[in-house]
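> Mind folding the following:
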Amino acid sequence: MSVAESSIPPAVQAFDAMAPRFDQRFGAWLSVAAQRRAVQRNLLRAFPPGSRVLELGGGTGEDAVFLAGRGRSVVLTDGSPAMVAHAAEKVRAAGMTDSVETRQLVLEDMEEFAARYATESEGLFDGAFSNFAALNCVEDLPAVARGLARLLKPEARVLLVMFGPLSIGEILVQLAQHRDVKSAFRRFGKREIPARVGTHHFMVRYPSPRSIARAFAPLFRPVCVRGIGVFVPPSAAEPAVSAYPRLLKVFEAMDRVVSAPLALFGDHVLVELERTTVS
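Residues are numbered from 1 along each chain as shown. As a prediction, this is how the structure comes out:
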């Protein structure tokens, strides 16, 4: 589904402009890799081999290729035309075209996409996920829930990885490394706040796991919440933290232990939901 540039939200335009250098910038950062590994462990647990999964905000296709290489099939969507193009190229290079389909989808158009896709596709999805905060830039989460509900089987799992509302790591990094008090506590407010990537400005929200669950109810029920990056530092600590790979391994092991009890303190939170029988 193609979308005219004028209709693409500001956040998507920002990452569209960044797409050619996205992997180069973030791919070498060990903290990002550690957080991604934590998410991917949960994806493998939630979606058994043979699952057909919908990805929202799939970026350049890292998670889709990972899942395809482990026996899952993925329909990757992203609002950015450039991201989708890069993802498609990565899928081709990995020899995964039989397992990964790429489509453009602006999340604000989720309901329209679901209506069209339901008439085109054979069967429903076994699950869905969104990694690394694509949904923090979407104001109308209930509309996303309604669209997803049309595409998922009953009891299908949905894993939403979003910025957490109380990241201890970000507070420490912004205060100690950047001396930026405003950024250190930016997640505390309940309103949207301005953000910038390059020259592009957009708004970001930091909903709590409870408010996310409310936005998706009654079509989905909450299953669990896990912290992603409780001890593993946020990307704001890069590139400095990548100079300490052994320390990061320790932090990563610690995160495995505390991801559930200290979920709210993570750089990201993974909110796992289940599709109900409500239509």
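> For residue 12, list the residues it contacts.
Taking C-beta atoms under 8 Å, 6 or more residues apart in numbering, we find residue 12 in contact with 79-80, 106, 137. For every residue, glycine as well, the C-beta is placed using N, CA and C.
> cool, and residue 193?
186, 203-206.
> Kindly report the same for residue 68.
Neighbour list for residue 68: 74, 91, 94, 96, 99-100 [criterion: C-beta under 8 Å, 6+ apart].
> among those, who's most crowded?
When neighbours are taken as other C-beta atoms under 10 Å, the top entry among the contacts of residue 68 is residue 74 (28 neighbours).
> Can you read off the pLDDT for that one?
Residue 74 carries a pLDDT value of 98.
> Likewise for residue 7?
Taking residue 7 on its own, its pLDDT is 78.
> Measure how buried it is and give me the count.
If you count neighbours by other C-beta under 10 Å, residue 7 ends up with 11.
> just the strands in this structure please.
Secondary structure of the chain (DSSP state E): strands at 52-56, 73-78, 100-104, 125-130, 152-163, 193-197, 200-204, 220-228, 268-275.
> Can you add distance to residue 31 and give these back as CSV?
As requested, those are exported to CSV (distance: least, C-beta to C-beta, whole Å):
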stretch, distance to residue 31
strand 52-56, 22
strand 73-78, 23
strand 100-104, 26
strand 125-130, 20
strand 152-163, 15
strand 193-197, 18
strand 200-204, 19
strand 220-228, 11
strand 268-275, 12
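> for these, which one sits closest to residue 65?
Each of these has some distance to residue 65 by C-beta to C-beta; the shortest is strand 100-104, at 6.7 Å.
> what are the pairing partners of the closest one, and which direction each?
strand 73-78 (parallel) (DSSP bridges).
> Tell me which residue lies farthest from the centre of this protein.
residue 179 (27.9 Å; C-alpha atoms, centre = their mean).
> Quick check, pLDDT for it.
Value listed for residue 179 in the pLDDT field: 89.
> just the helices in the chain please.
For the chain, the helices defined by DSSP state H occupy 10-26, 30-46, 62-68, 81-93, 110-120, 141-151, 168-176, 181-184, 209-216, 245-258.
> Quickly list what residue 201 is bridged to.
Applying DSSP bridges, one finds that residue 201 bridges with residue 196.
> What count of nearby residues applies to it?
Applying other C-beta under 10 Å, we find 13 other residues in the vicinity of residue 201.
> distance of it from residue 191?
From residue 201 over to residue 191 the distance is 16 Å, taken as C-beta to C-beta, to the nearest Å.
> And for residue 131?
25 Å.
> Neighbour count: those two, which is higher?
Using other C-beta under 10 Å, the more surrounded residue of residue 131 and residue 191 is residue 131, with 27 against 7.
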